[in-house]
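Colleague: Sequence below, structure please.
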Amino acid sequence: MALRPGELVQVDTTRLDVMAVGEDGKPVRPELTIALDVATRSVVAAVLREEGTKAVDAALLLAEMAVPHPARPGWPGHLRLAHAAVPYDRLLALDDRLEQAAARPVVVPETIVIDRRAIFVSAAFLAACETLGVSVQPTPPRSPAAKGAVERTFGSINTLAAQHIAGYTGSHVLERGEAVEDEARFTVSQLQELLDEWITARCQHHPHEGLRHPVLPKKALTPNEMWGALLGASGYVAAATGRRRLPGTAARALPPHNRPRHPHQPPHLRPHLPQ
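Modeller: Sure, this is the predicted structure:
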């Protein structure tokens, strides 16, 4: 249970139920890694990779949580943070980067719940967490219920989003059509853009039965509404910018041969990093 944004964040990785077009033109099934803020049920970070997710990607996930997500060109105005159910003017006074931000929460995690997957217990990921002051809480072996919130979110992504995309594989072979590999139409980077827009437009604005406020106990709140309600009690702390900005800190925590360079960073982070 978490009572404030960022208090408890669950991270996990799974294969997306969609075939994509790989860099070599062959069909691939990309791997999806997400971070879910338990208090607001918000997907605060999501990264797709053509090949297996690496420790460097997991470390960059930390940076993505705490940096405002930029609204993409062409997105309608209601997907910007200025139109979300949050105290926007007060937030903007604390962090001017939110002026061009998408309507998604920005959280600096206090505790991250992980399973014992290699990328999450790697020296690179643990060093990044230590550098940023994030506590790491491993789950017991063979206990998927310990990360039930993020597991259910994977199910929602596959049933509410992935099944409407060309190349959908289904969750098991009985749901899979014939020659599904031939139906792949999107590259991994294009799927990343689709996923970011779906999270902002659908996931963050959909009422969640597990989100209730004492003042309105009968009303199911959306993740954005819950974030706005909890901000009044917990406040907002902007991540450091400039030479001490969070993405740079996370990258410096990695071993030299694993440090990311701009061409390999997620496309939605690369052009928008604060100076």
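
Colleague: Residue 38 contacts residue 152, doesn't it?
Modeller: No. Contact criterion C-beta atoms under 8 Å: residue 38 and residue 152 do not qualify, at 11.5 Å. All C-beta spots, glycine's among them, are computed from the backbone N, C-alpha and C.

Colleague: which of the two has more neighbours?
Modeller: Using other C-beta atoms under 10 Å, the more surrounded residue of residue 38 and residue 152 is residue 38, with 22 against 13.

Colleague: what bits of the chain have low per-residue confidence?
Modeller: Residues of the chain meeting the criterion pLDDT under 70: 173-177, 240-275.

Colleague: Please enumerate the helices of it.
Modeller: Applying DSSP state H to the chain gives helices spanning 55-66, 88-94, 123-132, 148-156, 188-201, 223-234, 246-252.

Colleague: what about the residue of the chain most remote from its centre, distance to residue 29?
Modeller: Of all residues in the chain, residue 178 has its C-alpha farthest from the mean position, at 31.7 Å, by C-alpha atoms, centre = their mean. Here residue 178 is placed at a distance of 16 Å from residue 29 (C-beta to C-beta, to the nearest Å).

Colleague: coming back round to it: report the separation between the residue farthest from the centre of the chain and residue 169.
Modeller: Note on residue 178: its distance to residue 169, by C-beta to C-beta, is 12 Å.

Colleague: And residue 36, by the same measure?
Modeller: 23 Å.

Colleague: So between the two, which is more surrounded?
Modeller: residue 36 (25 against 22).

Colleague: give the contact list for the more buried one.
Modeller: 9-11, 42-44, 149-150, 153 (C-beta atoms under 8 Å, 6 or more residues apart in numbering).

Colleague: is it in a bridge, and if so with what?
Modeller: residue 10, residue 43 (DSSP bridges).

Colleague: Quick one: the strands in the protein, in order.
Modeller: Secondary structure of the chain (DSSP state E): strands at 9-15, 20-21, 27-28, 31-37, 42-49, 111-114, 135-138.

Colleague: Mind putting those into a markdown table with distance to residue 211?
Modeller: Listed next are those as a markdown table, based on distance: least, C-beta to C-beta, whole Å:
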| stretch | distance to residue 211 |
| --- | --- |
| strand 9-15 | 15 |
| strand 20-21 | 32 |
| strand 27-28 | 35 |
| strand 31-37 | 11 |
| strand 42-49 | 10 |
| strand 111-114 | 19 |
| strand 135-138 | 22 |
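
Colleague: looking at those, which is closest to residue 86?
Modeller: strand 42-49 (11.6 Å; C-beta to C-beta).

Colleague: If you count contacts, what does the closest one end up packed against?
Modeller: strand 31-37, helix 55-66, helix 188-201, helix 223-234 (3 or more C-beta pairs under 8 Å, 6 or more residues apart in numbering; DSSP states H and E).
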